[in-house]
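Student: output the structure for:
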Amino acid sequence: MSERKSVVAIERWVELLAAGGVLEGHATSTSKPAPIAKEKIAELEAWLGAQTEEVRVRERRAAIEVCIWMANADRELDGDEAGLLKTLIDKSGLDDDTKDALVSEVHDPPSLADLEERLTHPVLRELLLFLAWELANADGTVARAEAAFFTGLAKRLGVSEARAKEIQAAV
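Tutor: Okay, here's the model as predicted:
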């Protein structure tokens, strides 16, 4: 994958995840919208805001773990990509111990066991699929491992094949 194109794709993660309330801070305007309506993104932000701290931590951590896997799916994590993942972790609003654990997983992706139980909001699930496909497609070609990761992630998260194709087409 082109290093610069993948870095641009990962930079958008911070914006889009902040817009949904997954990360702390304010999202800036992106040049390319996600195929998820702004109302749905606002719904996700409101939902996260109304949850207990335990639920927010669970969802945020699971979302970041998916991002780590996305960045590693092509088995080519460069320094800039790793740096952006660390920025994403830093802006997560998670406690220092959780952040440290996630940073240690940047080069050695964590287990995604029980992901579907930890990442529960349907809008967040679709948003992560969009980010996964955008990163996979950043260089104009999708590696077999990236396509397989996307397909497996969609299935695990309960996103229909039709909706997954809509998300792919939007990139």
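Student: can you report how many residues lie near residue 95?
Tutor: Close neighbours of residue 95, defined as other C-beta atoms under 10 Å, add up to 11. No exception for glycine: its C-beta is placed from N, CA and C like everyone else's.
Student: next one: residue 151
Tutor: Look at residue 151: counted by other C-beta under 10 Å, it has 12 neighbours.
Student: tell me how far residue 125 lies from residue 135.
Tutor: According to C-beta to C-beta, to the nearest Å, residue 125 and residue 135 sit 16 Å apart.
Student: neighbour-wise, which of these two wins?
Tutor: Taking other C-beta under 10 Å, residue 125 and residue 135 do not tie; residue 135 has more neighbours (28 against 24).
Student: can you list the buried residues in the host helix or strand of residue 86?
Tutor: Here residue 86 sits within helix 79-90, counting by DSSP states H and E. Neighbour-count burial for helix 79-90 flags 81, 82, 84, 85, 88, 89 (criterion: 16 or more other C-beta atoms under 10 Å).
Student: following it, which helix or strand shows up next?
Tutor: helix 96-104.
Student: please state the offset of the next helix-or-strand element following that next one from the chain centre?
Tutor: As assigned by DSSP H and E, the chain's next helix or strand after helix 96-104 is helix 115-118. Distance, stretch centre to chain centre, for helix 115-118: 14 Å (C-alpha atoms, centre = their mean, to the nearest Å).
Student: send me the next helix or strand after helix 115-118 as PDB with only the CA atoms.
Tutor: From helix 115-118 onward toward the C-terminus, using DSSP H and E, the following helix or strand is helix 122-136. Taking Å, rounded to 0.1, in the frame of the first residue of the first chain, the C-alpha atoms of helix 122-136 are listed here in PDB:
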ATOM      1  CA  PRO A 122     -24.800  -0.800  14.900                       C
ATOM      2  CA  VAL A 123     -23.700   2.700  13.700                       C
ATOM      3  CA  LEU A 124     -20.200   2.200  15.200                       C
ATOM      4  CA  ARG A 125     -20.000  -1.300  13.500                       C
ATOM      5  CA  GLU A 126     -20.800   0.200  10.100                       C
ATOM      6  CA  LEU A 127     -18.400   3.100  10.600                       C
ATOM      7  CA  LEU A 128     -15.600   0.700  11.400                       C
ATOM      8  CA  LEU A 129     -16.400  -1.300   8.300                       C
ATOM      9  CA  PHE A 130     -16.200   1.900   6.200                       C
ATOM     10  CA  LEU A 131     -12.900   2.800   7.700                       C
ATOM     11  CA  ALA A 132     -11.600  -0.700   7.100                       C
ATOM     12  CA  TRP A 133     -12.500  -0.600   3.500                       C
ATOM     13  CA  GLU A 134     -11.300   2.900   2.900                       C
ATOM     14  CA  LEU A 135      -7.900   1.900   4.300                       C
ATOM     15  CA  ALA A 136      -7.800  -1.300   2.200                       C
END
